[in-house]
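A.B. asks: Just need the structure, nothing else, for what follows:
(one chain, ligands or ions: 1)
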Amino acid sequence: MKSSYQNLIIAAALCTCAAIGLQSSLAQQTREVSFRKSNQASKRDIGSAKILDGEVYIYHIFVSDPHSHWAEGEVATVKRKLNEAYSFITRQSRKHGKRINFVDDFSGFVSLDRRVPVDAHADPEWTEYTIDKATGGSSVQLVQKLREQSKIKSIVICLHVNKAALSYNLAFYKNVSQKYQAERMICFSAYPDGRETSSATYAHEVLHLFGAGDLYFPYDNDGRRKSHAARLFPNDVMYRVDYNIDSLNVGPFTAYRVGWTDSLDPKYSGFED
Ligand SMILES: [Zn+2]
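C.D. replies: Numbering: from 1, shown residues only. All right, here's what the predicted structure looks like:
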C-alpha cells in the first residue's frame with residue numbers, strides 16, 4: 001500500500017493565492033515538498049468528476065471534531081459562498097457553450113471523536129474514515145449510490161471543516177489508489193491567517209476536481225512557470241483567488257483542463273506535468 005499512499009499524497013494540492021497575501025506561508029510549506037507536482041496531465045477527464053458540463057452532484061459533509069463545530073449561521077455562510085462559486089463557474093462555462101447545473105446535497109453531517117488534520121499532506125485516509133462515519137460506507141460506494149439515485153455522472157464530495165487552514169483537494173489521476181477515484185475536496189472556513197475563505201477558493205477547488213491544475217506552481221523549484229502564467233493568465237482562478245470573484249476568470253489553459261475545449265494549444269503544453 002505504500003506506493004498508492006505515496007501517490008495519493010502527491011495528489012493533495014495546496015490552494016491559496018498571491019492576491020490574499022499568503023505567499024510567504026506557502027513558500028515555507030512548499031520548500032520541503034519540491035518533488036511534488038501540481039499539474040499532472042492525467043488528472044483531466046478521469047475520476048468521479050470528468051468533464052465539467054451538464055449536471056454536477058456535490059455531496060457535502062459538515063465535519064465537526066473535538067476542537068471545531070458548525071453553527072447554523074456558519075453553514076449558511078458556506079452555502080452562500082458555494083452559490084457564488086457555482087454562478088462564477090457557470091458564467092465562465094457559457095463562453096464555451098457549456099451548460100452546468102450544480103445539484104447540492106447537504107444531508108451529510110458528522111461528529112468525529114478524533115482531530116481533523118489541517119495539513120494538506122496528512123494521510124488522506126482520514127477522509128475515508130469521515131465519509132464512512134457520515135454515510136456508512138466507502139467513498140466509492142457513496143458515489144455509486146448517488147449516481148444510481150440521481151442519474152448524474154459527475155459526483156464530487158466536499159468535506160467542510162470549520163478551522164483556519166489551506167483548503168485542498170484530492171483529485172484522482174494515474175497511479176493513485178482506485179479508492180480515491182471518488183474525488184473530494186476539503187474546504188476550511190478560513191485561511192491560516194484567520195481571514196474567511198473566499199467564494200473563489202470554492203470555485204478553485206471544484207475546478208481542481210475536474211482536472212484543473214494550480215497555475216502558481218507551488219512545487220516548482222523556480223518561479224519560471226509561475227511568472228509565465230502570471231503574464232498569460234493574471235486573473236485565472238487557478239492562478240489566484242480574490243474576494244471579488246468578478247475580477248477573476250477561467251483562462252484557456254484551465255478551460256482545456258476541465259473539458260470546455262478539446263485540445264490544448266501547444267504554447268501552453270509546458271504548464272502540464
Ligand atoms: Zn489549487
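A.B. asks: how far does stretch 132-147 stretch from start to finish?
C.D. replies: 17 Å (C-alpha to C-alpha, to the nearest Å).
A.B. asks: Any buried residues in it, and which?
C.D. replies: 133-135, 139-140, 142-143, 146 (16 or more other C-beta atoms under 10 Å). Where you see a C-beta, it was placed from the backbone N, CA and C, and this is true even at glycine.
A.B. asks: Which ones among the residues you listed map onto helices?
C.D. replies: Counting by DSSP state H, the part of the buried residues of stretch 132-147 found in helices is 133-135, 139-140, 142-143, 146.
A.B. asks: Could you list the low-confidence segments of the stretch 151-273 of the chain?
C.D. replies: For the stretch 151-273 of the chain, no stretch is flagged by pLDDT under 70.
A.B. asks: got the residues of it near the ion?
C.D. replies: Within the stretch 151-273 of the chain, the positions near the ion by C-beta under 5 Å from the ion are residue 214.
A.B. asks: In the stretch 151-273 of the chain, which residue sits nearest the ion?
C.D. replies: residue 214 (4.2 Å; C-beta to the ion).
A.B. asks: in this structure, which spans are strands?
C.D. replies: Assigned by DSSP state E, the chain shows strands spanning 12-14, 54-64, 100-111, 154-164, 168-170, 184-190.
A.B. asks: Let me have those in TSV, extended by distance to residue 241 and mean neighbour count.
C.D. replies: Below are the strands of the chain laid out as TSV (distance: least, C-beta to C-beta, whole Å; neighbours: other C-beta atoms under 10 Å):
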stretch	distance to residue 241	mean neighbour count
strand 12-14	12	23
strand 54-64	19	21
strand 100-111	19	15
strand 154-164	16	23
strand 168-170	13	25
strand 184-190	12	23
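A.B. asks: coming back round to it: I'd guessed the residue of the stretch 151-273 of the chain closest to the ion sits against residue 38; true?
C.D. replies: Yes - between residue 214 and residue 38 a contact is recorded at 4.2 Å, counting by C-beta atoms under 8 Å.
A.B. asks: Tell me the confidence at residue 124?
C.D. replies: pLDDT, residue 124: 95.
A.B. asks: how about residue 58, what does it touch?
C.D. replies: Residue 58 makes contact with 82, 102-105, 155-158, 206, according to C-beta atoms under 8 Å, 6 or more residues apart in numbering.
A.B. asks: Show me what it is bridged to.
C.D. replies: Counting by DSSP bridges, residue 58 forms beta bridges with residue 104, residue 156.
A.B. asks: Now do it against the ion, distance only.
C.D. replies: Using C-beta to the ion, to the nearest Å, residue 58 is found at 17 Å from the ion.
A.B. asks: Could you give me the buried positions within the longest helix belonging to the chain?
C.D. replies: In the chain, assigned by DSSP H, the helix with the most residues is helix 72-94. Buried positions in helix 72-94, judged by neighbour count with 16+ other C-beta under 10 Å: 75, 78, 81-82, 84-86, 88-89, 92-93.
A.B. asks: tell me the pLDDT at residue 33?
C.D. replies: Looking at residue 33, its pLDDT is 43.
A.B. asks: ditto for residue 12
C.D. replies: Residue 12 is assigned a pLDDT of 40 by the prediction.
A.B. asks: All set now, cheers.
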